[in-house]
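Trainee: give me a model of this one.
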Amino acid sequence: MGSGEWGVQPRTPNSPLPTPNSQLPTPNSQLPTPNSQLPTPHSQLPTPNSINLTLDPDYSTICYFWLYSFLTKKQISVKKISNIYQPDYHFIDILKKIGFVFIENNDSITLDCTVHSPLPTPNSQLSTINCSNVPDQIITLSFLALFLKNKTYIQGCHTLFSKESNRIKGILHNIKLLGGEACYKIDTLCITPLKNEPKKCCLKTYNDHRFALTFYMLSQRFHYLEIDNIDCAKKSIDINSLFKIMTS
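Mentor: Below is the predicted model:
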């Protein structure tokens with residue numbers, strides 16, 4: 001071996017032979033790989049997968065699964081109901097106007113969650129939504145609105161004072177618990193998006209099944225959330241059956 005072949009002084013007899021790269025870092029051993037220190041898009045979010053649900057033909061309950069899909073990125077397909085008029089079916093129209101995409105065929109309808117960014121920010125140009133024809137989904141929309149880009153104004157809320165609970169009071173109180181901001185004035189709720197993830201808290205259902213179902217869907221994305229009196233959801237669906245659906 002010639003002098004200086006490895007960039008060192010000539011070796012003496014019986015001195016150890018340097019091995020190639022013995023003093024050099026192996027590839028990537030000391031150097032960060034590209035983006036190794038940077039979060040990749042969606043790195044903190046569940047990856048999309050697909051769930052086919054067999055539910056009773058009740059869009060009043062099915063609407064909560066759109067919220068679940070929105071938050072968890074799990075693509076939900078439900079059997080399409082034909083020739084049955086249900087007011088809550090039109091919640092789909094509201095979500096489409098906001099910017100959600102549904103895939104429809106002869107047998108099923110699917111919320112395509114893959115088109116959304118982390119905690120999606122659909123069409124920011126639409127901020128005022130009239131829910132007069134779907135008042136039972138105002139709770140669902142109010143908590144979904146916490147994860148949109150801009151403030152959302154929900155009109156048609158005057159009937160919510162005299163439902164199973166005072167739903168206006170419940171919406172405002174629970175949004176505050178989550179660290180959000182909301183106010184009510186002249187038939188309209190104004191929901192300000194969260195700046196950070198929801199705060200850890202125990203959400204209050206007021207013995208109202210619609211609060212219970214909405215909060216259950218939130219808890220599937222934010223597992224640290226607690227819910228008081230979740231069993232009141234049984235007016236819509238048995239919570240044990242719902243758990244089986246969500247974990248199947």
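
Trainee: how about low-confidence regions in the protein?
Mentor: For the chain, the stretches flagged by pLDDT under 70 are 1-57, 82-84, 114-126, 238-248.

Trainee: what about the strands in this protein?
Mentor: According to DSSP state E, the chain carries its strands in the segments 49-53, 74-79, 102-104, 108-111, 128-130, 152-155, 181-185, 188-192, 202-203, 226-227.

Trainee: for those, give me a markdown table that also has mean neighbour count and distance to residue 142.
Mentor: C-beta: built from backbone N, CA, C; applies to glycine. As requested, the strands of the chain are exported to a markdown table (neighbours: other C-beta atoms under 10 Å; distance: least, C-beta to C-beta, whole Å):
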| stretch | mean neighbour count | distance to residue 142 |
| --- | --- | --- |
| strand 49-53 | 13 | 23 |
| strand 74-79 | 19 | 20 |
| strand 102-104 | 11 | 21 |
| strand 108-111 | 19 | 19 |
| strand 128-130 | 15 | 10 |
| strand 152-155 | 19 | 6 |
| strand 181-185 | 15 | 7 |
| strand 188-192 | 20 | 6 |
| strand 202-203 | 18 | 13 |
| strand 226-227 | 16 | 16 |
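
Trainee: so for residue 60, which of the ones you listed sits nearest?
Mentor: Proximity to residue 60 (C-beta to C-beta) singles out strand 74-79 among the strands of the chain, at 12.6 Å.

Trainee: paired strands for the closest one, with orientation please.
Mentor: Partner strands and pairing direction for strand 74-79 (DSSP bridges) are strand 49-53 (parallel), strand 108-111 (antiparallel).

Trainee: what segments of this structure are helices?
Mentor: Remark: helices assigned in the chain by DSSP state H are 59-72, 91-98, 138-144, 167-177, 209-221, 239-247.
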